[in-house]
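Asks: I'll drop the sequence and a predicted model, then ask my questions.
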Amino acid sequence: MSKEARVFDLEQLERFDSQAPQKIPVYQTNNTSAAMWCLEPGQGVFLHVHPNADDVWICIEGESGLYFAGNGEEYTIKKGMAILANAGQTHGMKNTGTNRFVFIGVCGPSPVETIKL
């Protein structure tokens, strides 16, 4: 595997749109995949579940997000935090702050099935 396929400049991937949250693929292998989510204030990631895959979110920018863990559970999240949704666990989030929010989602095993709730 070449260096280009192993090293990713996340700042170069960041992209925002005032009309909709942006999901930018970072990589995909036979085992896992990663995507960067870029959210303007008020934007969110729909409530969903991956019946066949774990999903780890690593927050890299933002000070005020609300993570929805299903069953009415909510957690405040911010830069520097990581959140795990095991296969079958409901998850989603909303940027509740006044600044942009960015996180990397890493899922596996591939292929990942997503069911929007």
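Replies: Structure received.

Asks: now the residue most central in space within the chain, which residues is it bridged with?
Replies: Nearest to the mean C-alpha position of the chain, by CA atoms, centre = their mean, lies Gly105 at 3.7 Å. Beta-bridge partners of Gly105, counted by DSSP bridges, are Ala35, Trp57.

Asks: pretty sure it contacts Ile60?
Replies: No. With contact defined as CB atoms under 8 Å, Gly105 does not reach Ile60; the gap is 11.3 Å. Yep, even glycine has a C-beta here, placed from its N, CA and C like the rest.

Asks: can you give me the strands in this structure?
Replies: 22-28, 33-39, 44-49, 54-61, 65-70, 73-77, 82-85, 91-95, 101-108, 115-116 (DSSP state E).

Asks: re the thing from before, pull up the per-residue confidence for the residue nearest to the centre of the chain.
Replies: Looking at Gly105, its pLDDT stands at 98.

Asks: so Thr32 sits against Ser110, correct?
Replies: Yes. With contact defined as CB under 8 Å, Thr32 reaches Ser110; the gap is 6.2 Å.

Asks: residue contacts, Gly80?
Replies: Cys59 (CB atoms under 8 Å, 6 or more residues apart in numbering).

Asks: pull up the gap between it and Ile58, please.
Replies: 9 Å (CB to CB, to the nearest Å).

Asks: then Ile83?
Replies: Relative to Ile58, and taking CB to CB, Ile83 is found at 8 Å.

Asks: repeat that for Tyr67.
Replies: Distance from Tyr67 to Ile58, by CB to CB: 13 Å.

Asks: which of the two has more neighbours?
Replies: Tyr67 (20 against 16; other CB atoms under 10 Å).

Asks: can you pull up the bridge partners for the more buried one?
Replies: With DSSP bridges as the rule, Tyr67 is bridged to Tyr75, Met93.

Asks: that one touches Ile77, doesn't it?
Replies: Yes. If you go by CB under 8 Å, Tyr67 and Ile77 touch, sitting 4.7 Å apart.
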